[in-house]
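[1] Quick check, what structure comes out for this input:
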Amino acid sequence: MEEKMESIMKTLKKYSQEHLLNGYSQLSEVKQKELLDQIENTDFELINSLYNKTKKEVDIQETNITPIEYLDKDKLNG
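    Predicted coordinates:
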């Protein structure tokens, strides 16, 4: 368990997420294990990558905006 905790702490430190273990000592043993499992199964690299992509400006190729086709519900039979 100590080795697992050390590995998790290293990962959390790498991504500046150490706060995820705030209150860890107040949890029951079962809840502690659940929390560690959740953290261990979180892909922080993917989350970081997705977050960084939100900062990039989107290059919109098509600037011509046209209305979509529609049906007026008042003119439908029914």
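
[2] The residue most central in space within the chain is in what secondary structure piece?
    What sits nearest the mean C-alpha location of the chain, by Cα atoms, centre = their mean, is I47, with 5.3 Å. Element membership for I47 (DSSP states H and E) is helix 44-53.

[3] Could I get the average pLDDT for that helix?
    Helix 44-53 carries an average pLDDT of 95.

[4] contacts for that helix?
    For helix 44-53, the surrounding residues in contact (Cβ atoms under 8 Å, 6 or more residues apart in numbering) are T11, K14, Y15, Q17. Every residue, glycine included, has its C-beta placed from N, CA and C.

[5] if I look at the closest residue to the third one other than its chain neighbours, how far off is Y24?
    For Y15, ignoring the flanking residues on the chain, the nearest one in space by Cβ to Cβ, 6 or more residues apart in numbering is F44 at 4.5 Å. Computed with Cβ to Cβ, to the nearest Å, the distance linking F44 and Y24 is 18 Å.

[6] quick one, phi psi at I60?
    phi -90, psi 120 (degrees, to the nearest 10).

[7] ok, how many other residues are close to it?
    Neighbour count of I60, defined by other Cβ atoms under 10 Å: 6.

[8] What of I39?
    19.

[9] so what's the nearest residue to it once chain neighbours are set aside up against?
    Spatial nearest neighbour of I39, excluding adjacent residues (Cβ to Cβ, 6+ apart): I8 at 5.4 Å. Neighbouring residues of I8 by Cβ under 8 Å, 6+ apart: L21, L36, I39, E40.

[10] wait, what's in contact with L20?
    Taking Cβ under 8 Å, 6+ apart as the test, what L20 contacts is L12, L35, I39.

[11] So what does it have for phi and psi?
    Dihedral angles (degrees, to the nearest 10) for L20: phi -60, psi -20.

[12] Quick check: the gap between it and L35.
    Going from L20 to L35 by Cβ to Cβ gives 8 Å.

[13] Which of the three states applies to the closest residue to Y24 other than its chain neighbours?
    Leaving aside its sequence neighbours, Y24 sits nearest to Q32 (Cβ to Cβ, 6+ apart; 6.3 Å). With DSSP: H, G, I helix; E, B strand; the rest coil as the basis, Q32 sits in helix.
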